[in-house]
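# Attaching a predicted model along with its sequence, questions to come.
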Amino acid sequence: MAGVASIPTKADESRDLDCVITPSAQVEVSAAVPGVLQEVNADRSDRVTKGQLLAQLDSGVELAELELAQARTQMDAKVRLGKTNLRYDRRSWRRLAKLHSDNLVSAELKEEAEREANVSGWRLQDAKDLQLQRELEKKRAQQVLLRRQVFSPIDGIVVQRLRHPGEYVEEQPILRIAQLDPLYVEAIVPMTEFGQIRKGMRANVFSDINQDQAFPAQVVVVDSVGDAASGTFGVRLTISNPENEIPAGVNCRVRLVDNRVAEQQAPPEKTARIAGGKISRILTKDSR
């Protein structure tokens with residue numbers, strides 16, 4: 001009759017599995033080095049993105065070292081002086097070599113000019129090596145400063161703020177972040193269902209706080225080892241949650257849609273069959 005809800009059969013009820021909706025990742029963010037917290041830029045329930053600056057340790061000394069390293073990289077007087085001397089000594093060497101070929105100067109003078117040109121070349125190379133060393137020292141100072149900054153490793157929501165500015169931290173976490181897109185659905189399944197649930201199967205998830213709304217999900221993990229004490233095994237599904245509208249940390253029910261694996265099938269192809277010495281084309285129903 002119209003307007004009368006259908007009564008679920010025993011087969012449908014057997015497909016309803018107890019589950020829990022959880023974040024797909026929970027991270028306790030801490031600093032790479034010990035120090036005094038200078039600032040914390042996020043609080044509970046704030047949405048953060050991967051790479052966002054969350055906190056920073058006191059970094060006065062490290063900033064000063066970075067400024068000094070940057071100033072040293074701009075000190076290129078030795079390189080300029082080396083280039084000038086090398087150009088002059090090479091011109092002198094070429095002039096004396098020509099005069100020596102005309103027997104106007106001795107071989108000793110030519111060899112002395114050649115030695116001076118070679119020495120100037122090595123002095124220039126030494127100045128360039130020093131400049132490269134200063135560039136590397138600048139990069140090291142940048143990395144030292146970077147280690148005193150705390151960045152979010154994931155996109156998510158701040159679950160808890162554990163430390164405040166002015167506190168000394170070593171290995172203690174500063175913030176706890178949960179990733180809510182996607183969400184994980186952890187289901188406990190009787191061993192009698194083992195082999196009937198496979199990766200890629202589709203399902204609907206019903207949260208205890210909104211039992212009338214079904215969230216589409218897909219099986220991504222099926223445990224190969226069960227729990228002998230309870231006679232169950234674990235199954236994990238994922239739910240897309242781009243707007244963080246579905247809360248985590250609630251009980252739920254999973255209902256499998258069907259036994260088919262949700263994967264894209266290859267399009268039907270044309271096949272050929274030899275009949276009576278002739279090749280006849282056979283088309284699938286979809287390709288006609």
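Sure thing, it's come through. Numbering: from 1, shown residues only.
# those strands in the stretch 51-200 of the chain, which residues are they?
Using DSSP state E, counting those that start in this stretch, the strands of the stretch 51-200 of the chain run over residues 53-57, 149-151, 156-161, 168-169, 175-190.
# how about those strands in CSV, adding distance to A113 and mean neighbour count?
Quick note: C-beta positions are derived from backbone N, CA and C, even for glycine. Converted to CSV, those look like this (distance: least, Cβ to Cβ, whole Å; neighbours: other Cβ atoms under 10 Å):
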stretch, distance to A113, mean neighbour count
strand 53-57, 58, 20
strand 149-151, 55, 18
strand 156-161, 70, 19
strand 168-169, 64, 16
strand 175-190, 68, 20
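# Kindly reformat the ones you listed as TSV containing distance to G226.
Formatted as TSV, these follow (distance: least, Cβ to Cβ, whole Å):
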stretch	distance to G226
strand 53-57	40
strand 149-151	40
strand 156-161	31
strand 168-169	42
strand 175-190	9
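# In JSON lines: those, plus mean pLDDT and distance to E67.
As requested, the strands of the stretch 51-200 of the chain are exported to JSON lines (pLDDT from 0 to 100; distance: least, Cβ to Cβ, whole Å):
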{"stretch": "strand 53-57", "mean pLDDT": "96", "distance to E67": "17"}
{"stretch": "strand 149-151", "mean pLDDT": "96", "distance to E67": "17"}
{"stretch": "strand 156-161", "mean pLDDT": "95", "distance to E67": "32"}
{"stretch": "strand 168-169", "mean pLDDT": "96", "distance to E67": "25"}
{"stretch": "strand 175-190", "mean pLDDT": "95", "distance to E67": "29"}
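# Of all these, which one is nearest D227?
strand 175-190 (8.6 Å; Cβ to Cβ).
# re earlier: out of the strands of the stretch 51-200 of the chain, nearest to L86?
Between those, strand 149-151 lies closest to L86; by Cβ to Cβ that is 43.0 Å.
# Poorly predicted segments of this structure, please.
Low-confidence segments of the chain (pLDDT under 70): 1-15, 258-288.
# Walking through it, point out its helices one by one.
Counting by DSSP state H, the chain has helices at residues 10-14, 60-73, 77-101, 107-146.
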